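Participant: A predicted structure for the sequence below; I have some questions about it.
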Amino acid sequence: MLILSRRKDESVVIDGRIEVSIVDIKGDQVKLGIKAPRDVKVFRHEVYQAIQDQNRAALESPVELPSLDLSLFQTEPNDLS
């Protein structure tokens, strides 16, 4: 883990695409501003963890798919006469 010191209105750039800025500091709370391309998903850690937990649960749960009615896919022979 890289640990950096930054003051209010200072920032760091990640991979030339993501800028993380210190917007405000009040007591033990720091407000961050994040500029990133739309294809980069940004989540708070607890939200990201909840998403991962739900994805794992979905993978582990059995899925029963309804059987297809194959008669819906059968076609009548064309009458070319």
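Facilitator: Structure received.
Participant: can you give me the helices for this protein?
Facilitator: Counting by DSSP state H, one finds helices in the chain at the ranges 45-60.
Participant: grab the most central residue of this structure for me.
Facilitator: Lys41 (5.2 Å; C-alpha atoms, centre = their mean).
Participant: tell me, how many residues neighbour Ile22?
Facilitator: Residues lying near Ile22 (other C-beta atoms under 10 Å) number 16. Quick note: C-beta positions are derived from backbone N, CA and C, even for glycine.
Participant: quick check: Lys8 touching Ile22?
Facilitator: Yes. Using C-beta atoms under 8 Å, Lys8 is in contact with Ile22, at 5.2 Å.
Participant: what's next to the lengthiest strand in the chain, contact-wise?
Facilitator: Looking across the chain with DSSP state E, the single longest strand is strand 18-26. With contacts defined as C-beta atoms under 8 Å, 6 or more residues apart in numbering, strand 18-26 is touched by 6-14, 30-37, 40.
Participant: circling back to that earlier point, can you give me the distance of the residue nearest to the centre of the chain to Leu2?
Facilitator: 21 Å (C-beta to C-beta, to the nearest Å).
Participant: low-confidence stretches in the protein?
Facilitator: Within the chain, the stretches with pLDDT under 70 are 77-81.
Participant: please repeat the previous calculation with a cut-off of 90.
Facilitator: For the chain, the stretches flagged by pLDDT under 90 are 58-81.
Participant: that older thread, list the buried residues of the longest strand of the chain.
Facilitator: Within strand 18-26, the residues that count as buried by 16 or more other C-beta atoms under 10 Å are Val20, Ser21, Ile22.
Participant: just give me the closest of those residues to Pro62.
Facilitator: Val20 (41.5 Å; C-beta to C-beta).
Participant: for Leu68, see how far away the residue nearest to Val13 when sequence neighbours are not counted is.
Facilitator: Closest residue to Val13 apart from its sequence neighbours, by C-beta to C-beta, 6 or more residues apart in numbering: Glu19 at 5.2 Å. Relative to Leu68, Glu19 is positioned 50 Å away (C-beta to C-beta).
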